[in-house]
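Student: Structure, please.
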Amino acid sequence: MIPILANLPTHPTINQSLEFLLVGQVLVLFVLGVLMLFITLNGLAFSRAPKPKPAVAPTASAPLAAPVPVTGNEAIPAVIAAAVHIALEGQPHQIVYMAPSRDGWAHEGRRQIFSSHRVR
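Tutor: Numbering: from 1, shown residues only. Down below sits the predicted model:
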């Protein structure tokens, strides 16, 4: 391959500039094609791999405790319960405690902002 950068003159003609741009574009598309081929082959290799067998679910479980009433936004416990259910793949579970959010950093930031302003 011809080293194009070494052969490019200080004031190239339009044909030399187009050749330089075309070679660069072809090189970029070639590298992208190689990456796409590699990713496709990698995906095929993983899709043909043997799938793990599902774990055997326990036969009996302890009864779940009554739900604790939650104050505030009721959607948050529902989202957490759904995420736990999906993560545990339907196995029996019990959410025992949900820590309240701590807004200490936000309160400290507001305090510093308001203390930095001078009252006129």
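Student: Just the buried positions in stretch 10-30, please.
Tutor: For stretch 10-30, burial by neighbour count (16 or more other Cβ atoms under 10 Å) applies to E19. Using the backbone N, CA and C atoms, a C-beta is placed for each residue, glycine as well.
Student: Report the rounded mean pLDDT for it.
Tutor: Model confidence over stretch 10-30 averages 91 on the pLDDT scale.
Student: how distant is that stretch from the center of its chain?
Tutor: Put simply, stretch 10-30 sits 37 Å off its chain's centre (Cα atoms, centre = their mean, to the nearest Å).
Student: got the residue ranges for the helices in this structure?
Tutor: Assigned helices in the chain, in chain order: 4-7, 14-47, 75-87, 104-116 (criterion: DSSP state H).
Student: Export those helices as a markdown table, with columns for distance to K53.
Tutor: Formatted as a markdown table, those follow (distance: least, Cβ to Cβ, whole Å):
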| stretch | distance to K53 |
| --- | --- |
| helix 4-7 | 56 |
| helix 14-47 | 17 |
| helix 75-87 | 19 |
| helix 104-116 | 45 |
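Student: for those, which one sits closest to P54?
Tutor: helix 75-87 (14.8 Å; Cβ to Cβ).
Student: which strands and helices sit next to the closest one?
Tutor: On a contact count with 3 or more Cβ pairs under 8 Å, 6 or more residues apart in numbering; DSSP states H and E, helix 75-87 meets no helix or strand.
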